[in-house]
Every structure is written in structure tokens, then in C-alpha cells.
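Asks: Let me see the structure of the following:
(2 chains)
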Number of protein chains: 2
Amino acid sequence: MDEEENEGRLLEEGEAPKIPEEKFEYLDHTADVQLHAWGADLKESYEQVAMAMFNYMTTDYSKVEMKHVYEVEVSGEDLLSLLYQFLDEFLFIFSAEPFYIPRVVQITEFDTENFKIKAKGFGEPFDISKHPQGTEVKAITYSNMQVHADKEMHDVFVIIDI
Amino acid sequence: MDEEENEGRLLEEGEAPKIPEEKFEYLDHTADVQLHAWGADLKESYEQVAMAMFNYMTTDYSKVEMKHVYEVEVSGEDLLSLLYQFLDEFLFIFSAEPFYIPRVVQITEFDTENFKIKAKGFGEPFDISKHPQGTEVKAITYSNMQVHADKEMHDVFVIIDI
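Replies: Sure, this is the predicted structure:
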């Protein structure tokens, strides 16, 4: 390309064209974001990644007050499916009436032998007049899901569709 | 999951937990959208898909006035690379100072033997106080790019990164 040719100039009177009929549309908008959370143990990492998900749904997570508590109980076949079910269950309580958003997620039972979690979400119904809308989380995915553990740090990575 | 277990209840005094330190971050946000444009001939479809791209950059395309004209000239190896170069050149004039947004794109020479296009973009510098910001278009892609032509309708499909 020759940038010299791309200079603009002011239009002369009557030179502007008629605006044409729109003959286009937008299809298949897809997007995802990878959540990365960590903690001193796996339980904390799982709690943190759930909060990372809810923090994405509002641009001011600090506006979410803790007035209610929801308890959830999930099970999986392994650490990955347990993580998936855990996040999916919390996403479900956000998408079911009344849309409920937790500010703090606490895991009260974390059974990595039988792959069961009991957890509490402390928060309140999502209210667009109080909680500035962030980005809708459409789904949890297994895509490149990772759970890393060593003595000092536990990391989880989850890609969500938005 | 047993939805009966997931009912919320009001918190009692002093039951709300301390808000934990944030231990999460967001990585690798990726998104794309597919543009589909059509016209009575291929020239019109190419013009329309360029306008579809600019229409995506502002939530009120009608606010773009035609005060300036930019001329671009591009060439390709075939219809697909010609389309890519054409859109990429218009994306370039949007991203170079002054950020220029055309309201109408007109192709003045459409040479499908030598794969050359000369086109005019009628518009003005992009001004965030006048043109409500839409979504940034980061790149044109060749991903699943399609140019369809039959007697009555000409369609093009282009996926752009946003």
C-alpha cells in the first residue's frame, strides 16, 4: 500500500454520496476469557475462581452486599469435573430467578476423595440499578481447564464463554 | 443437582464473612464476529462489508457525517486476498491519526482480472464525543472467509477479531 495515496481531503459541495441501504448483518459473535485463580490450597483456589467469575459480571463487585446466603452441593468424577460442576452450579443460581450474585464464596466441605463440594455464597439478588452490569457469562467450558498444585501454590485455569 | 438445596435465606447478624483478598486475574480475552454482507454484484458486497465493519465501531453510525473523502487503492492475488487487503486498508485509515471513519464506501474501480480496487471513503475523523463508541476492530482474518456469487445475489463473509 502506498500511504501517500490515502490522504483525505475536504468534500466539495454536493460531492457526498447518498447513504445506501444496509445490506449486512453480524453473525456468530463468540468470545471467551480465561480465569486464573490461586490460593494457599485447592479449596481457596476454587473459591477464588468462583469469585473471579462473579466479579466479571459487574464492573463494581464491591457494590454487592452480603444479605443472603445460598448453599450449594455438587459432585464430580475428578478434580476437573468437580470444578466444572461447582462453577456451573453457581452460574445456575445467577441465571435463575431471582438472579443471585454472591460477593464471597466459601467452601465448607471439600472432599477430594469422593469429589464432593458443599459451599456457601454470601450475596444478594443482582439488581442492575445497584450493580453496574459487567459481561454476561454464558457458560463454563472444559477447554484447556487446568488444576495445578504444589506445596506452596495452587492454581486453577478455567475458560468461560462470554 | 438438587435445586431444593440451593435456596437462599437471609443472613443473621454477624454471619457475613470477611471479604477475602483477590487472588485471581483474567487472561487471553479473545472474541470475533462474522460480518455477512450482500449486494446485486460483488462490488456492492465489498462496499457493504466495509460499511458493516465501520458500523460495528460506533453504536450510532448515523452520527458520522460526510465531510472528507479518503481514497484507497489496494491489490490482491485473488478475490479473497483482495477483500482482505481492501478491509485492512480501511482499518488502517481508522487506526492512523486522525482516526478516520467513513460513513459511505464506494468502489470506483473494481478489477477482478488483476484483482485491484480503487475506493473512496466518505466520512470524518472519529470523535468519541460525537460518535458513541462501539467495539474496537482489532484485525481482519482469513478465517472461514467466503465470497459467493450467483446471478442474483453476491454474498461475502468475513470474520474480524474484536
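Asks: residues contacting the most centrally placed residue in chain A?
Replies: Centroid-nearest residue in chain A: A:M53, 3.6 Å away (criterion: C-alpha atoms, centre = their mean). Applying C-beta atoms under 8 Å, 6 or more residues apart in numbering or on different chains, one finds that A:M53 lies in contact with A:35, A:87, A:90-91, A:137, A:158, A:160. Placement of C-beta: from N, CA and C, glycine included.
Asks: quick one: which of those residues sit in strands?
Replies: In strands, defined here by DSSP state E, the members of these are A:35, A:158, A:160.
Asks: which one of those has the most neighbours?
Replies: Most neighbours among these, by other C-beta atoms under 10 Å in any protein chain shown: A:V158, with 26 neighbours.
Asks: quick one: that one and A:I140 touch, right?
Replies: Yes - A:V158 is within contact range of A:I140, at 6.6 Å (criterion: C-beta atoms under 8 Å).
Asks: mind listing what's buried in the lowest-mean-pLDDT helix or strand in chain A?
Replies: Using mean pLDDT, DSSP states H and E, strand A:8-10 stands out as the lowest-scoring helix or strand of chain A, at a mean of 84. Buried residues in strand A:8-10, defined by neighbour count with 16 or more other C-beta atoms under 10 Å in any protein chain shown: A:G8.
Asks: anything in that strand near chain B?
Replies: Yes - on the criterion C-beta under 8 Å from any C-beta of the partner chain, strand A:8-10 is in touch with chain B at A:8-10.
Asks: what's the closest of the residues you listed to chain B?
Replies: A:G8 (4.3 Å; C-beta to the nearest C-beta).
Asks: Identify all residues paired with the closest one through a beta bridge.
Replies: When assigned by DSSP bridges, A:G8 has beta-bridge partners B:Y70.
Asks: surely it meets B:K67?
Replies: No - in this structure A:G8 lies outside contact range of B:K67 using C-beta under 8 Å: 9.3 Å.
Asks: The top helix by length along chain A packs against which elements?
Replies: As assigned by DSSP state H, the longest helix anywhere in chain A is helix A:79-95. If contacts are counted by 3 or more C-beta pairs under 8 Å, 6 or more residues apart in numbering or on different chains; DSSP states H and E, helix A:79-95 sits against helix A:42-56, strand A:68-75, strand A:100-111, strand A:116-125, strand A:139-140, strand A:146-149, strand A:154-161.
Asks: Show the average pLDDT along the longest one.
Replies: In this case it means helix A:42-56. The predicted model assigns helix A:42-56 a mean pLDDT of 96.
Asks: Could you do stretch A:114-131 as well?
Replies: Throughout stretch A:114-131, pLDDT has a mean value of 94.
Asks: then that stretch to CSV, C-alphas only?
Replies: The C-alpha coordinates for stretch A:114-131 follow below in CSV (Å, rounded to 0.1, in the frame of the first residue of the first chain):
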residue,chain,number,x,y,z
ASN,A,114,-15.2,-38.6,46.7
PHE,A,115,-15.1,-35.3,44.7
LYS,A,116,-17.8,-33.5,46.6
ILE,A,117,-18.1,-29.9,47.5
LYS,A,118,-20.5,-28.1,49.8
ALA,A,119,-20.3,-24.3,49.6
LYS,A,120,-22.0,-21.1,50.6
GLY,A,121,-22.4,-18.0,48.5
PHE,A,122,-22.9,-14.8,50.5
GLY,A,123,-24.6,-12.0,48.5
GLU,A,124,-27.8,-10.7,47.2
PRO,A,125,-30.2,-10.6,44.2
PHE,A,126,-28.5,-9.0,41.2
ASP,A,127,-30.0,-5.5,40.7
ILE,A,128,-29.0,-3.6,37.6
SER,A,129,-29.8,-0.3,39.2
LYS,A,130,-27.3,-1.1,42.0
HIS,A,131,-24.7,-3.4,40.4
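Asks: Give me the buried positions along that stretch.
Replies: So for stretch A:114-131, counting by 16+ other C-beta under 10 Å, buried means A:115-117, A:119-124, A:126, A:131.
Asks: ok, A:V49 to A:L91 distance?
Replies: Using C-beta to C-beta, to the nearest Å, we find A:V49 at a distance of 12 Å from A:L91.
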